[in-house]
Structure formats: structure tokens, C-alpha cells
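Chemist: Model the following, please.
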Amino acid sequence: MTWNTPNLLITGCSSGIGRCCAEGMRKRGWRVIASARRADDVAALRAAGLDALALDMASSESIAAAVAELRGLTGGRLDAVFLNAGYGQSGAVERLSRAALREQFETNVFGNVELLSHLIPGMRAAGRGRIVFNSSVLGRVAIRDHGAYVASKYAVEAIADTLRLELRGSGIHVALIEPGPIESRFQANAAAARARLEAREAVVREKRYPFTLGPEAVLSKLVHACEAHNPRTRYPVTLPSHLISLLRRVLPTRVMDWALAQVK
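Modeler: A predicted model of the protein is given here:
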């Protein structure tokens, strides 16, 4: 790697979208620093030839240690970050415990904000940078039995929109990628999270939603968000994400509620 090689940090690279994007961006000439929560996943990333570090987004100590390691790897120069780490959990809102909601936000929201508080000053000093959040179509609309996850993604959207205003004129661009159904371990991880909180064995009911795409669909959006001279603020991915972005602007709320209530 040379000094001119851009540095990109990607969180949540153990599988799925994160792993695909880490390998894809490396092929495009980026120096990718991939992170994962578990030590065995970090080892697997290194075995695949990626720079990798341990990062648990729910832990302030882990974030601080990862930032210190990142600065050692990059000499303090970070050109872009893709905030992909996160998970979902299912369950009705009326049964949602405070602990479950807090755990959801610790990883999906609070960790992103804390990590960025370490990274943004360096980008400001350099006068450039790209911050890309992996949100969801469920950051734009709600579906039943996913209240904690939906709330966390609505929060991610709000944080990104606010950051975009606060960083205006700094040379730092903020973008949201909003996937619909993507092939990943999302359902298995969601089942494991719910089982852990309820102290029971995980039961995975895999369901393939219509118009599901592979994680490379997200990679193409990340490429544009990181490399385009004028990146977009939002990147819907998959037909449902594009369609919902349109419908929520034109349909009355009650009609939209009826349509979303059909999603199971």
C-alpha cells in the first residue's frame, strides 16, 4: 500500500454485507480495515488477507481500543467509514423489555455515534471524508413485530440527517444506504439475539422475501458513496426499498399502514 491508497474502515464484517463490501472495496484499490466483534471472525478476515481489528460496537472500551489500533494502521488518516455493524431482533413492542431495547440501540445507534466522535475530528482536519451508514428500508417505514430494530434504524436516519447539516462545508459527505431484503445471516442473528434476551434456545425460521438480492447490490452503492464526486444522500437498494421510498411520499398514512400490515 502507498500513501495515496485511500483508507476505509468497515464495521461488522464477519459475513454478509460487511464481508462482501470489504473484499469488493479492496479489489477496487482501497486499503480496507475490516472489523468484527468476535476474535474468530477477526482471525478469518486476516486469513483472507484483509487488515482486521476487533470492534464491539456495544462497548466503549472496545471502541477506544479499536480506534487506537486503527490510527496505528493508517497513520491517523482515514478517508471513509462504512458503519455497517448491527443486528435486528423481533418481537411485539408490548413485550419489549428495557434491556432488549437498550441492547438494540447500544449496537445499532450509540456505538456509531461514539465511534464517529473519534473519527470526525481527523476528517475535519484533513478537509475531506466519507461517512456511510448502512440503514434499512425499515428506517423509512415500520412493520409489525420489529419495533426495536425499526426504532434503531429511524434513529440512524436521524443521526445521519443531522450530521449532514452539521458537517456542511467541511468536505465530509454523509450518506445512507437503505437496503431492502438482502441475502445475509440477518434472520439467524435476530433469532439468536431474541433467544439470548429471553434465555431460551434460538429457533430460526428462514424466510426469503420477494426481490431479495445478494450483498453485492449494497457494494455497488458503497462504491458510489465513497468514490463519486457528488455522492447521493440516500441509496435505496432492492425494488421494495425504491418502491417504499416513493409510496411513503404519495400515499395517505392509513393506506400505507394497510399495505405494511400485509407484510408478515
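
Chemist: Now find how far off-centre the host helix or strand of Glu61 is within its chain.
Modeler: Here Glu61 sits within helix 60-74, counting by DSSP states H and E. Here helix 60-74 is found 19 Å from its chain centre; the criterion is C-alpha atoms, centre = their mean, to the nearest Å.

Chemist: Direction included, what does the helix or strand that it is followed by pair up with?
Modeler: Next along the chain after helix 60-74, taking DSSP H and E as the criterion, comes strand 80-83. As defined by DSSP bridges, the strand partners of strand 80-83 come to strand 7-10 (parallel), strand 129-134 (parallel).

Chemist: how about the ones you listed in JSON lines, adding mean neighbour count, distance to Ala65 and mean pLDDT?
Modeler: C-beta coordinates here come from the backbone N, C-alpha and C atoms, glycine included. JSON lines is the format used below for the strands paired with strand 80-83 (neighbours: other C-beta atoms under 10 Å; distance: least, C-beta to C-beta, whole Å; pLDDT from 0 to 100):
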{"stretch": "strand 7-10", "mean neighbour count": "26", "distance to Ala65": "14", "mean pLDDT": "98"}
{"stretch": "strand 129-134", "mean neighbour count": "25", "distance to Ala65": "21", "mean pLDDT": "98"}
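
Chemist: With distance to Asp40 as added columns, please give the ones you listed in JSON lines.
Modeler: Formatted as JSON lines, the strands paired with strand 80-83 follow (distance: least, C-beta to C-beta, whole Å):
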{"stretch": "strand 7-10", "distance to Asp40": "18"}
{"stretch": "strand 129-134", "distance to Asp40": "23"}
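
Chemist: What helices and strands are in contact with the helix holding Glu61?
Modeler: strand 31-36, strand 51-54, helix 111-126 (3 or more C-beta pairs under 8 Å, 6 or more residues apart in numbering; DSSP states H and E).

Chemist: Can I get stretch 117-126 in PDB? Just the C-alpha atoms.
Modeler: As requested, C-alpha coordinates have been extracted for stretch 117-126 and formatted as PDB (Å, rounded to 0.1, in the frame of the first residue of the first chain):
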ATOM      1  CA  SER A 117     -16.800  11.100  17.700                       C
ATOM      2  CA  HIS A 118     -13.300   9.700  17.500                       C
ATOM      3  CA  LEU A 119     -13.100   9.700  13.700                       C
ATOM      4  CA  ILE A 120     -14.700  13.000  12.600                       C
ATOM      5  CA  PRO A 121     -12.000  15.300  14.000                       C
ATOM      6  CA  GLY A 122      -9.400  13.700  11.800                       C
ATOM      7  CA  MET A 123     -11.600  14.100   8.800                       C
ATOM      8  CA  ARG A 124     -12.300  17.700   9.600                       C
ATOM      9  CA  ALA A 125      -8.500  18.400   9.900                       C
ATOM     10  CA  ALA A 126      -8.000  16.800   6.500                       C
END
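
Chemist: which residues are contacting that stretch?
Modeler: Residues outside stretch 117-126 that contact it (C-beta atoms under 8 Å, 6 or more residues apart in numbering) are 9, 63-64, 67, 76-78, 81, 129, 131, 167, 170-172.

Chemist: Drop anything exposed from these.
Modeler: Leu9, Ile63, Val67, Leu78, Val81, Gly129, Ile131, Leu167, Ile172 (16 or more other C-beta atoms under 10 Å).

Chemist: May I have the phi/psi pair for the residue nearest the centre of the chain?
Modeler: Compute the mean C-alpha point of the chain, and by C-alpha atoms, centre = their mean the closest residue is Asn84, 2.5 Å away. Phi and psi for Asn84, reported as degrees, to the nearest 10, are phi -100, psi -20.
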